[in-house]
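Enquirer: Sharing a sequence plus its predicted fold:
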Amino acid sequence: MTSLDNPAPAQSRTDHQPLHHEARDSAAPRRTRRMRRTLALTALLAAGALSLTACGGDAEAGQGDGKNGQAGADAAAAKDASDAKIQVTSKDGATDASINDTGVKVTGGKLTDVKLTAVDTGKDVAGAISSDGLSWKPGAQLERGAKYKIVANAKDAKGRPATENATFTTVSSANSFIGSFTPDNGKTVGVGMPVSFNFDKSISNRKDVQSHITVTSSSGQQVVGHWFGDRRLDFRPEDYWKAGSKVTMKIDLDGVKGGQGITGVQSKTVSFTIGRSQVSTVDMNTQTMTVKQDGKVIKSVPISGGSPDHPTYNGQMVISEKFEQTRMDGSTVGFGGEYDIKDVPHAMRLSSSGTFIHGNYWGNSSIFGRTGTSHGCVGLEDNKGGGGDTPAKWFYNNSLIGDVVIVKNSPDKTVKPDNGLNGWNMSWSEWTAGSAS
C-alpha cells in the first residue's frame, strides 16, 4: 500500500505508450492523495477514540502501545506506588460508625498527619498519632449522629506518599443504646454493692448484650447477671463480695445489636474495690440496730422504724445513695401532704420507692429504741443541721454505699429485689434463672 510518505515508484515508459496518456490521467494522483489524507485522519480519530475510552476498563485497550500507551503509564505508576496502606476503621459512607473506635492504622509505612473534621460545624477533632507512627486516635469520644470527614496521610520507607479519605456518620441517638451503671470507676463500696445497668432503650437481644459485659472478682467468686425486665441488668455473686477484693467490669457493647435498629456504643473497663464488711440488722421488735464489721458487733443503735400504719419493708437492703442533708416530701412517694421536711440530716437511701435510714431531729428522744413512728423509714436520733455527736452522724460517717441493712420482724412484706439495689432478696437459683447467658 502506498501513502503520501511513500510514493509509488515511477513506471517506465515504453515506446508504444502515448505521451498524452499521462497528461489525461494527471488528476488521478491528486484524488488518490485526497483519499489517502482522509483515511489517515480517520485512523487518527479512531485512535483518539480508543484513548478516550481506555479508562473505561477495556482489557485490550493500549495493547501494543508499549511504554507510551495508557496501560504502560498505569503500570509504571503502580510499580512506583507507596508501600504504605492506610485503613480507616469507619468505612467511607457508613451511617452507623462507632463513636469510640474510629481511628486510623497503617502498614508498610508511617502516618504523617491525620485530620478529622466535623462536617456540620467545620471543627477539627483533636487526636494523636502513636509513638510508632502506626495508628491515630481522636482525643475524645465522637458525637452520636454526627457526620465526619477524615483525611489520613502516610509515607513508606522510600518517602513515597499515600492518602486515604473517608466520610462517615456516627450512629444516631435514635439508633443506639447506652447503659447507665453503678458503681463508678475507682470507688470503694460495701460488700452488698451489685453492678447495675439501666439501659436507655428496651433490649430484646439480651443474650448478646449480657455476653459483652463481663464482671470478675479477684476473690474468684462466680458472678452472674440477672435481667429485671428489658432495661435493667444486675450482676452479683451468690454471697456478698469478699471484703478487700477488687471487682472489674469490662463493657464491650460498641457495635453490639441490642434489638431491632439499635446498636451499642460503649467500650470501657471499670474497676472498684470492696471495703470492709459491714452488715447492720434492724430488729423491729426491739427497735434497735446491731452493726457488725467483719463479723464483729461494733455498736448497737436505738432506732424508730415504721409505724403500725406505715411499716418498714423487711429484707436485705443496700445503701445506694448518701446525703448529708436532703428534702423528704411525702407527696413524692404517695403520702399526699402528710409531711415535707426540707432538711433531713444524714440520709441514706435503701430503696428506690423512698425507704431511707436517716437522722431524725424532730422526734422526742424517748421514741428511739421504743416505738416506730415513721412512714416506713428507719430513723436515728440526730440534731437539726446534723451537728453534734449523734447516733445518726456516727452511722453515716461509718457507712459506705454498698453496705447492707437488714430489716426483720416488721409486719410489712419483703422489699422487691428490683426496688433499689436489693437483688439479695432472691435465692441463687432464682437469680441465675434470670440470666440470659
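Expert: Perfect, I can see it now. Residues are numbered from 1 along each chain as shown.

Enquirer: same question for stretch 242-257, mean pLDDT?
Expert: Mean pLDDT, stretch 242-257: 97.

Enquirer: thinking Gly127 is in contact with Leu142, fair?
Expert: No: counting by C-beta atoms under 8 Å, Gly127 does not reach Leu142; the two are 10.5 Å apart. For glycine as for every other residue, the C-beta is placed from the backbone atoms N, C-alpha and C.

Enquirer: who has more neighbours, the two?
Expert: Set Gly127 next to Leu142 and count neighbours by other C-beta atoms under 10 Å: Leu142 wins out with 22 against 17.

Enquirer: The more buried one touches Thr102, doesn't it?
Expert: Yes: using C-beta under 8 Å, Leu142 is in contact with Thr102, at 5.9 Å.

Enquirer: Common neighbours of the two, please.
Expert: Residues touching both Leu142 and Thr102 (C-beta atoms under 8 Å, 6 or more residues apart in numbering): 148, 170.

Enquirer: Alpha carbons of stretch 85-103, as CSV, please.
Expert: The C-alpha coordinates for stretch 85-103 follow below in CSV (Å, rounded to 0.1, in the frame of the first residue of the first chain):
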residue,chain,number,x,y,z
LYS,A,85,-1.5,1.0,53.2
ILE,A,86,-3.9,3.1,55.3
GLN,A,87,-7.0,1.8,56.9
VAL,A,88,-9.7,4.0,58.4
THR,A,89,-11.8,1.9,60.9
SER,A,90,-15.0,3.8,59.9
LYS,A,91,-15.9,2.9,56.4
ASP,A,92,-16.5,5.6,53.8
GLY,A,93,-20.2,6.2,53.6
ALA,A,94,-21.1,4.4,56.8
THR,A,95,-24.1,5.7,58.7
ASP,A,96,-23.6,3.7,61.9
ALA,A,97,-19.9,4.4,62.6
SER,A,98,-18.6,3.9,66.2
ILE,A,99,-18.3,6.9,68.5
ASN,A,100,-15.4,5.1,70.3
ASP,A,101,-13.4,3.1,67.9
THR,A,102,-12.9,5.5,65.0
GLY,A,103,-9.3,5.7,64.2
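
Enquirer: end to end, how far does stretch 258-266 reach?
Expert: End-to-end distance of stretch 258-266 (C-alpha to C-alpha, to the nearest Å): 12 Å.

Enquirer: How about it, which residues are buried there?
Expert: Across stretch 258-266, burial judged by 16 or more other C-beta atoms under 10 Å covers 258-259, 262-266.

Enquirer: any residues touching that stretch, and which ones?
Expert: 96, 98-100, 144, 171, 175-179, 199, 201-205, 208-209, 212, 251, 253-257.

Enquirer: tell me, what's touching Gly127 and Leu142 both at once?
Expert: Joint contacts of Gly127 and Leu142 (C-beta under 8 Å, 6+ apart) do not exist.

Enquirer: so Gly186 touches Ser271, yeah?
Expert: Yes: the criterion here is C-beta under 8 Å, and Gly186 meets it with Ser271 at 7.3 Å.

Enquirer: what about the two, which has more around it?
Expert: Set Gly186 next to Ser271 and count neighbours by other C-beta under 10 Å: Ser271 wins out with 15 against 9.

Enquirer: ok, back up a step: taking the buried residues of stretch 258-266 together, which two end up most distant?
Expert: Gly259 and Gln266 (15.5 Å; C-beta to C-beta).

Enquirer: Name the SS class of Trp431, please.
Expert: Classification of Trp431 by DSSP: H, G, I helix; E, B strand; the rest coil places it in helix.

Enquirer: tell me the contacts of it?
Expert: 224, 226, 236, 238, 423.

Enquirer: Equivalent analysis for Gly229, please.
Expert: For Gly229, the contact set (C-beta under 8 Å, 6+ apart) comprises Asp418.

Enquirer: gap between it and Trp428?
Expert: 20 Å (C-beta to C-beta, to the nearest Å).

Enquirer: Same check on Val270?
Expert: 24 Å.

Enquirer: now swap in Asp120 and tell me
Expert: For Asp120 relative to Trp428 (C-beta to C-beta), the value is 51 Å.

Enquirer: Please identify which of these two sits among more neighbours.
Expert: Neighbour totals were compared for Asp120 and Trp428, and Trp428 leads with 13 against 10 (other C-beta under 10 Å).

Enquirer: hang on, the more buried one packs against Glu238?
Expert: Yes: in terms of C-beta under 8 Å, Trp428 counts as a neighbour of Glu238; the distance is 4.7 Å.

Enquirer: so where is the chain shaky, pLDDT-wise?
Expert: Applying pLDDT under 70 to the chain flags residues 1-79, 337.

Enquirer: How is it partitioned into domains?
Expert: According to automatic domain parsing, the chain comprises the domains 85-169, 182-274, 278-423.

Enquirer: can I get those in CSV with distance to Ser437?
Expert: Listed next are these as CSV, based on distance: least, C-beta to C-beta, whole Å:
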stretch, distance to Ser437
domain 85-169, 23
domain 182-274, 5
domain 278-423, 17
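
Enquirer: Mind checking those domains for the one nearest to Ala436?
Expert: Between the domains of the chain, domain 182-274 lies closest to Ala436; by C-beta to C-beta that is 3.9 Å.

Enquirer: Just the terminal-to-terminal distance for the closest one.
Expert: Distance between the boundary residues of domain 182-274 (C-alpha to C-alpha) amounts to 14 Å.
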